[in-house]
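>>> build me a structure from this.
(chains A and B)
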Amino acid sequence: MSSLSNNADAMTSREILTLLESVADPEIPALSVIDLGIVRGVVVRPEGVEVSVAPTYTGCPATEVIERMIAAKLERNGIRKVKIKRVLSPPWTTAWLSDSGRRKLKAYGIAPPEGSAGKRSLLTPELRVHCPRCSTDRTTRVSEFGSTPCKASYKCDECLEPFEYFKCL
Amino acid sequence: MNKDEALLEYVLRLGDNALVLGQRLSELVTRGPELEEELANANFALDYIGQARLFYSYAGELEGKGRSEDDFAFLRDGNEFRNVLLVEQPNGHFGDAIVRQFLFESFYALQLEALARCSARRVAEIAARAVKEIHYHLRHASQWLVRLGDGTDESHSRVQRSLDDQWRFTGELFAGDEVDEVFEREWDGPRLVELEQNWNEKLDTVLAEATLARPTVQWMDGGGRRGRHTEHFGYLIAEMQFLQRAYPGARW
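Residues are numbered from 1 along each chain as shown, chains lettered A, B, ... in the order given. Okay, here's the model as predicted:
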């Protein structure tokens, strides 16, 4: 196809997804946008590339930064026309985190979400959360809230280290 | 009122409730009595402002006059805001703020659950995302209400007073008008009678656990959804809109 004579423009959506594995979440740099499960699709058309991205939380300040980082990454790799499409449905939940993402979170010192997102009754306590360092479930919740909307603060009763828990929503 | 007008009005009301409550919660930033509450309020405010942005962007598209989310937030006058009176009430003391959050969020969670099933697609999508956040908020507000109500004599009597004081703003949550009727009919929107019934059940459960008495006040305030606000509202938007009014078009 003559319109795709430029090598970069001829990248397949699979290659673009691979490229996006190196775009890190600005707030949790251990995770890529692919691990996080917010990239919902890549469509390559002669007139440009469209990447669908789902916001994690409606008010997540990182959303716009992430969108700009994705566009910049593709542009640096020779894709001239990048369009970011924000998709709301189906909504992002922690179930979208990839298995490798969960492993990377734990290695980074953040306990990955346990169980699946669900509507728990109003007054039910959180599930047991495992310490990302020593793996015990003898942990105590310090605060349901943390440095970003997606995290809660915990401490380990075994190794005594404080840690963050990527909460299940 | 035709279908399109009702949809726009409905979406603006959702946006205004979210923005105004988000602004109130932002006022608490740096005032939290402890770190957990500080973080909680900042996170809640962020959620609300994020939700307001989604509703306003959609309202701008529906209206088709090129108004942006910022135009809706910063360049409308008080009587153009359609939020319910409850969300504009001042933060007061900690118990006042918790009661306001509990009364509104126990309603809003039910409203969003119903909206997530309605046939206005974009509204349903936003609601499906937002409701996950509000359930988290509501758990927090409920736990505090129980802790304060079933706490010391002092905390009990103060939070009971907060509840009695703000009770008169709850009627407006369920007082439907033409916009609600059209929205319910055309898009299978929330049935307010059902919402109210479910809300009452939820409320009674938590109040019982908190050992608080359901207020007996009969008279209900209202008018916010038609742009008639309480005396606190002018101060709120004066602060919220100052920058864009003084320096039109200012950006980060």
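
>>> spell out which parts of the stretch 101-250 of chain B neighbour chain A.
Contact residues (C-beta under 8 Å from any C-beta of the partner chain) of the stretch 101-250 of chain B with chain A: B:122, B:124-126, B:128-130, B:132-133, B:135-136, B:138-140, B:142-143, B:146, B:202, B:206, B:209. Any C-beta I mention is one placed from the backbone N, CA and C, and that applies to glycine too.

>>> around chain B, which positions in chain A sit nearby?
A:55, A:57-61, A:88-93, A:117, A:119-120, A:122-123, A:142-147, A:149, A:153, A:167, A:169.

>>> which of those residues count as buried?
Buried members of those, scored by 16 or more other C-beta atoms under 10 Å in any protein chain shown, are A:55, A:57-60, A:88, A:91-93, A:117, A:122, A:142-146, A:149, A:153, A:167, A:169.

>>> is the helix or strand hosting residue B:47 anywhere near chain A?
Under the criterion of DSSP states H and E, residue B:47 resides in helix B:35-63. Yes. Using C-beta under 8 Å from any C-beta, helix B:35-63 reaches chain A at B:35-36, B:39-40, B:43, B:45-51, B:53-54.

>>> is the residue in chain A that chain B sits nearest to in a helix, a strand, or coil?
Here chain A gets closest to chain B at one residue, residue A:59, 2.6 Å apart by C-beta to the nearest C-beta. Secondary structure assignment for residue A:59 (DSSP: H, G, I helix; E, B strand; the rest coil): coil.

>>> for chain A, which spans come out with low pLDDT?
Applying pLDDT under 70 to chain A picks out residues A:1-10, A:115-127.

>>> how about the most centrally placed residue in it, nearest residue that isn't a chain neighbour?
By C-alpha atoms, centre = their mean, chain A has its centre lying nearest to residue A:36, at 2.2 Å. Leaving aside its sequence neighbours, residue A:36 sits nearest to residue A:25 (C-beta to C-beta, 6 or more residues apart in numbering or on different chains; 5.7 Å).

>>> please report the distance of the one you found from residue B:204.
42 Å (C-beta to C-beta, to the nearest Å).

>>> if we can go back for a sec, gap between the residue nearest to the centre of chain A and residue A:113?
Residue A:36 sits at a distance of 12 Å from residue A:113 (criterion: C-beta to C-beta).

>>> what do these two both touch?
By the contact definition C-beta atoms under 8 Å, 6 or more residues apart in numbering or on different chains, residue A:36 and residue A:113 are jointly contacted by residue A:97.

>>> ok, which stretches of the stretch 151-252 of chain B are helices?
B:153-166, B:171-174, B:178-187, B:192-209, B:233-246 (DSSP state H, counting those that start in this stretch).

>>> ok and the third one relative to helix B:192-209, angle-wise?
Meaning helix B:178-187. 110 degrees (axes from the mean of the first three to the mean of the last three C-alpha atoms, to 10 degrees).

>>> and helix B:178-187, what other elements does it pack with?
Counting contacts by 3 or more C-beta pairs under 8 Å, 6 or more residues apart in numbering or on different chains; DSSP states H and E, helix B:178-187 is packed against helix B:3-26.

>>> looking at the helix it packs on now, give me its mean pLDDT.
Mean pLDDT, taken over the full extent of helix B:3-26, equals 97.

>>> what residues are up against the nearest residue to residue B:19 once chain neighbours are set aside?
Nearest non-adjacent residue to residue B:19, counting by C-beta to C-beta, 6+ apart: residue B:52, 3.8 Å away. Going by C-beta under 8 Å, 6+ apart, residue B:52 touches B:15, B:16, B:18, B:19, B:22, B:69, B:73.

>>> and the residue lying closest to residue B:55 once chain neighbours are set aside, how far from residue B:59?
Closest residue to residue B:55 apart from its sequence neighbours, by C-beta to C-beta, 6+ apart: residue B:15 at 3.4 Å. Distance of residue B:15 to residue B:59, computed by C-beta to C-beta: 6 Å.

>>> likewise for residue B:21?
With C-beta to C-beta as the criterion, residue B:21 and residue B:59 are 17 Å apart.

>>> and these two? Which one has more around it.
A direct count of neighbours by other C-beta atoms under 10 Å in any protein chain shown for residue B:21 and residue B:59 places residue B:21 higher, at 28 against 23.
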